[in-house]
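In: Let's see this in three dimensions:
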Amino acid sequence: MAFGRNSFHFTSNLAMADVRQRLRNNTLIKKTLIREKTNKAFIGTVDANGFYIISSSALGVACTLRGQLSRGNGKNNTHIDIETRTQRVFIWLLAVWMVVVTAAAIVPGLLKTTYRFTPMPFVLLMFGAAAFRLFIHGTYIMARNKAINQFKQVLTA
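Out: I've put the predicted structure just below:
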């Protein structure tokens, strides 16, 4: 199972050029996906065939949206494929946090002159890791849902 990854598929009654224009009008164009205060719904890039954006909401940085636009079956409709992912910085944060907490659980015991194994630090480590992982995933879910709803509003406005 992938860490915080989902796919969404939409069909819009708008032409591809109209979908692209609505996205551009509602996106603060930036190469880096860093949260910034703006009146636009999204931050990121929109090009001829797709987009790579985050929501400009408070939690928006936790979830990236990468989408592809393609012509639908009808004359004026567009098929939109979106993949949402947890922002890489959150995955790195989890990895660094795990290393630091593991070291904090192991090193004090190793520094003692008489080492005696106790499972309690490892139990706490596993509980803490699970809680932190759930926190990051919950943040991703909230950011994803808000971003997808904003995306739908942009297309229907």
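
In: Any regions of the chain where pLDDT drops low?
Out: Applying pLDDT under 70 to the chain flags residues 1-3, 113, 115.

In: What is the burial count for the nearest residue to residue 67 once chain neighbours are set aside?
Out: Leaving out its chain neighbours, the residue that sits closest to residue 67 by C-beta to C-beta, 6 or more residues apart in numbering is residue 82, at 4.3 Å. Heads up, the C-betas are built off the backbone N, CA and C, glycines and all. Residue 82 sits with 20 neighbouring residues when counted by other C-beta atoms under 10 Å.

In: Now do the contacts for residue 82.
Out: Contact partners of residue 82, counting by C-beta atoms under 8 Å, 6 or more residues apart in numbering, are 7, 8, 9, 10, 65, 66, 67, 148, 151.

In: Filter those down to the ones in helices?
Out: Under the assignment DSSP state H, the contacts of residue 82 contribute 148, 151 to helices.

In: Just the ones of the contacts of residue 82 in strands?
Out: 7, 8, 9, 10, 65, 66, 67 (DSSP state E).

In: Would you mark the buried spots in stretch 126-141?
Out: 136, 137, 139, 140, 141 (16 or more other C-beta atoms under 10 Å).

In: check which helix or strand covers the third one.
Out: The reference is to residue 139. Element membership for residue 139 (DSSP states H and E) is helix 120-156.

In: Pull the distance from that helix to the chain's centre.
Out: How far helix 120-156 lies from its chain's middle: 9 Å, per C-alpha atoms, centre = their mean, to the nearest Å.

In: Run through the neighbouring helices and strands of it.
Out: When contacts are defined as 3 or more C-beta pairs under 8 Å, 6 or more residues apart in numbering; DSSP states H and E, helix 120-156 packs onto strand 5-12, helix 16-25, strand 42-46, strand 50-55, strand 63-71, strand 78-86, helix 88-111.
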